[in-house]
Every structure is written in C-alpha cells, then in structure tokens.
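Colleague: what shape does this take:
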Amino acid sequence: MQFCLLILSLLSGIALGSEGNGGKHWAVLVAGSNGWYNYRHQADLCHSYQLLRKNGIPPENIVTMLYDDVANDPQNPFPGKIFNDYKHIDVYKGVEIDYRGEDVTPDNFIRVLKGDRKLKESGFKVLESGPEDNVFVFFTDHGSPNMIMFPNGELYADQLNETLAYMNKARMYKKLVLYVEACFSGSMFRRILPKNIDIFAMTAANATESSYAAFCYDPTIENCLADDFSYRWMTDTEKHQRNLSKWTIGKQFQTVKRAVNRSHVQHYGDQLGKMAEETINEIVEEVTSRTTPAGTPVDVKEHLNCYQKIYGQYKNKCFSVQQVPEVAKELVKLDHLCEQGYDANVVVQAIFTTCG
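Modeller: This next block holds a predicted model:
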C-alpha cells in the first residue's frame, strides 16, 4: 500500500507514490496566522495546495484554513498573487479556501479533523475519511512550547493528541501523516503522541528551539516568502514527483533534515521501525545485487572494523539505535554483509545512495 504524494504509506513500501488499494486521499491544510508580516505561512499553504492538486488529490478532498488577508493586502506589490520563493510563481490562484478570516480557529480545526457533523450541516467542509483512506495534515504558523498558534487562539499539545486518538478510534484513516511548521513544534508530539495508532509526524524543529523563515530578501515584496522546513519538503517532493513510487518518507525525512540547518527537524510516531527496516533492506539489496563477497574467510578484526565503519555511516545518514530502538535487530543484516566478506566501502556507498 502506498500513499499519494505526501499522504505517505507507512507500511512496507513507505512510498510517496499513488496508492492503488481503493482508498481515498484526504488533506487538511492550515495556515494559522494573519497579517502581512506573516506572508510566508499563507504562501506555504498555497504552495502545498498546488502540489496536492498537481498530483491528483481532488479539491473536494482537501480542507483549507487560510485567513486570506495577504494576497490583496494594500502592501502587496503584486495584488491577488502570493509567491513562495524568488521565482515569483503565483501559488494563490486556484486555491479553494474553506475556512477564512474569523473561521480560522483551533476549535474549527479540531472539528474538521473529527469530521464534525454539525459543522458540515452548517455548510462547512470537514474531513470525511474512512478506515481505508490516508490523511495528510499540514500546519504552518508560529508555535511555543506545547502549543501552536491561530489568529485569535492557541491549540495545545494535549488537545491535538486527544483528537488524533479520537480519529484512530473512529477509524478515520488507514495511515495519517502530519507535517508541522512552527517554533517548538516537536513539543506537540514528544512524549505525548499515542502509541500504535499508525501516525507519522515530522516537525520543523525540536521541542526547545525555533524554526526559521526563508527567502527574506526579496527587494520588491520586502517580506519572508517561505518557511525553510516547509519549502524543503515541498521542493523535495516536486523534485521526485516523476518517481514518487520509489521515493520514501524515510528518504524525505533524511533529505529535509540535512537541508534545514538552523533547526533540528524531528520525526515522531510508531512507524519508524518499519522505516528503518526498509532502509536496511534497500542497502542489502543494493550491495548484493551489484557486487559479490570476497570469497575468502574474514577474520574477527576485519569483520569488526567493517561493521563499525558501516554502522557509523548508517547512524549518521539513516537512523541510530538511540533514535529508533527497532534498528538494533535490523543491524544483523548489515553485520552479515561484513561476515560474508562484502567490501565495507561498497556498503557505505549503498548507505549514501539509500539515505542520501
């Protein structure tokens, strides 16, 4: 089973490509700020909307929350347009906005995620996903320890995680992925995200630090056009969209983590063990399909040196045991390559190929 685009499969394939199991794809996109000075958050949302639409997610399956006061702000030198980088490609045109202005609230966000019937009956769009569907949630705005911001309110970590648990119990998804762009965003999930509910979360920063804006030196707009983390994951997806069936969430995490150098991109959830298993299996396949072992007995010292070199690179480029305890049992496969006499340099190259 595979997720479409950033609605990602966290099963054995863990791929970014189309699904093919009959399930639908849903997305909830939220820009939690307002005001000209917060231009970048609305630009992030609009870019993500265009990305989803280009990759086949129908508008009826995308719920957007956008204050919508930037495109036509008097300070905007390009009325009716929003850009996400210096190329000045309009990402605002065609975005269907479901919640705007004073309707962009923490309460409405929670009700959207829960598929609130009364909200739907009042004419608003809500998440209507089921047990075979995959859901992607993207939030971009300011944050503080244990909370993320809305124009006139806050959403606390316990409220968000209680909602996720509700969605799981109500069988509202098969897999759910959240990307959160905010300062201190790791605090929304660290030590609080429920276990065994098939959720993967990636955050722009850890629990104790800021995240950062990007494209802040446009001479005509004089505003930051994007957020670093958000722009990185979107452009990474665009880069690989012709081959999304082979691009994985693990690879994207590693790519974005390396690219974002002013904060520490984090991941949370109970699917990390499967991601680690996938990367090691890819490494082993890469090595064994392209090369042959030495064919001579490997002495103990040579074996240990090989393994230390391999693990050193694997933990730097992929996952460490400290990050993902499930890695420990999977490392037997890498150790076996050394035992068989495969060249450590070849294995290291496969690690670089797999994890970037």
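Colleague: residue contacts, the closest residue to Asp69 other than its chain neighbours?
Modeller: The shortest distance from Asp69 to any non-neighbouring residue, by CB to CB, 6 or more residues apart in numbering, is to Asn34 (5.4 Å). For the C-beta atoms, the positions are set from N, CA and C on the backbone; glycine is no exception. Contact analysis of Asn34 by CB atoms under 8 Å, 6 or more residues apart in numbering lists Tyr67, Asp69, Val104, Pro151.
Colleague: any of the residues you listed buried? List them.
Modeller: Tyr67, Asp69, Val104, Pro151 (16 or more other CB atoms under 10 Å).
Colleague: quick one: the strands in the stretch 151-300 of the chain?
Modeller: Ranges of strands in the stretch 151-300 of the chain, per DSSP state E, counting those that start in this stretch, are 153-156, 175-181, 199-203, 213-214, 226-227, 266-269.
Colleague: in TSV, list those strands along with distance to Ile57.
Modeller: As requested, these are exported to TSV (distance: least, CB to CB, whole Å):
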stretch	distance to Ile57
strand 153-156	24
strand 175-181	13
strand 199-203	18
strand 213-214	25
strand 226-227	21
strand 266-269	22
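Colleague: lowest-confidence stretch among the ones you listed?
Modeller: Mean pLDDT per stretch puts strand 266-269 lowest among those, at a mean of 90.
Colleague: in terms of secondary structure, what does that one contact?
Modeller: The contact analysis (3 or more CB pairs under 8 Å, 6 or more residues apart in numbering; DSSP states H and E) places strand 266-269 against strand 199-203.
Colleague: got the angle for the strand it packs on vs strand 175-181?
Modeller: 10 degrees (axes from the mean of the first three to the mean of the last three CA atoms, to 10 degrees).
Colleague: contacts for strand 199-203?
Modeller: Outside strand 199-203, the residues that touch it by CB under 8 Å, 6+ apart are 8, 10, 164, 168, 175-180, 182, 185-186, 188-189, 193, 229, 233, 249, 253, 256, 265-272.
Colleague: same question for stretch 290-303.
Modeller: Outside stretch 290-303, the residues touching it (CB under 8 Å, 6+ apart) are Cys306, Cys338, Glu339, Gln340, Gly341, Tyr342, Asp343, Val346.
Colleague: closest to Phe215 out of these?
Modeller: For the contacts of stretch 290-303, the closest approach to Phe215 (CB to CB) belongs to Val346, at 39.8 Å.
Colleague: separation between the closest one and Thr288?
Modeller: To Thr288, Val346 is 10 Å away according to CB to CB, to the nearest Å.
Colleague: need the helices for the stretch 101-250 of the chain, in chain order.
Modeller: Secondary structure of the stretch 101-250 of the chain (DSSP state H, counting those that start in this stretch): helices located at 106-114, 117-121, 157-169, 228-239, 249-259.
Colleague: now the ones you listed as JSON lines including mean pLDDT and distance to Ile221?
Modeller: Shown next, in JSON lines, are the helices of the stretch 101-250 of the chain (pLDDT from 0 to 100; distance: least, CB to CB, whole Å):
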{"stretch": "helix 106-114", "mean pLDDT": "99", "distance to Ile221": "28"}
{"stretch": "helix 117-121", "mean pLDDT": "98", "distance to Ile221": "35"}
{"stretch": "helix 157-169", "mean pLDDT": "98", "distance to Ile221": "32"}
{"stretch": "helix 228-239", "mean pLDDT": "96", "distance to Ile221": "15"}
{"stretch": "helix 249-259", "mean pLDDT": "85", "distance to Ile221": "23"}
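Colleague: how about CSV for the ones you listed, with mean neighbour count and distance to Asp98 added?
Modeller: Below are these laid out as CSV (neighbours: other CB atoms under 10 Å; distance: least, CB to CB, whole Å):
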stretch, mean neighbour count, distance to Asp98
helix 106-114, 20, 8
helix 117-121, 12, 11
helix 157-169, 17, 18
helix 228-239, 21, 20
helix 249-259, 21, 26
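Colleague: now those as a markdown table including distance to Pro79?
Modeller: As requested, the helices of the stretch 101-250 of the chain are arranged in a markdown table below (distance: least, CB to CB, whole Å):
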| stretch | distance to Pro79 |
| --- | --- |
| helix 106-114 | 28 |
| helix 117-121 | 32 |
| helix 157-169 | 35 |
| helix 228-239 | 23 |
| helix 249-259 | 32 |
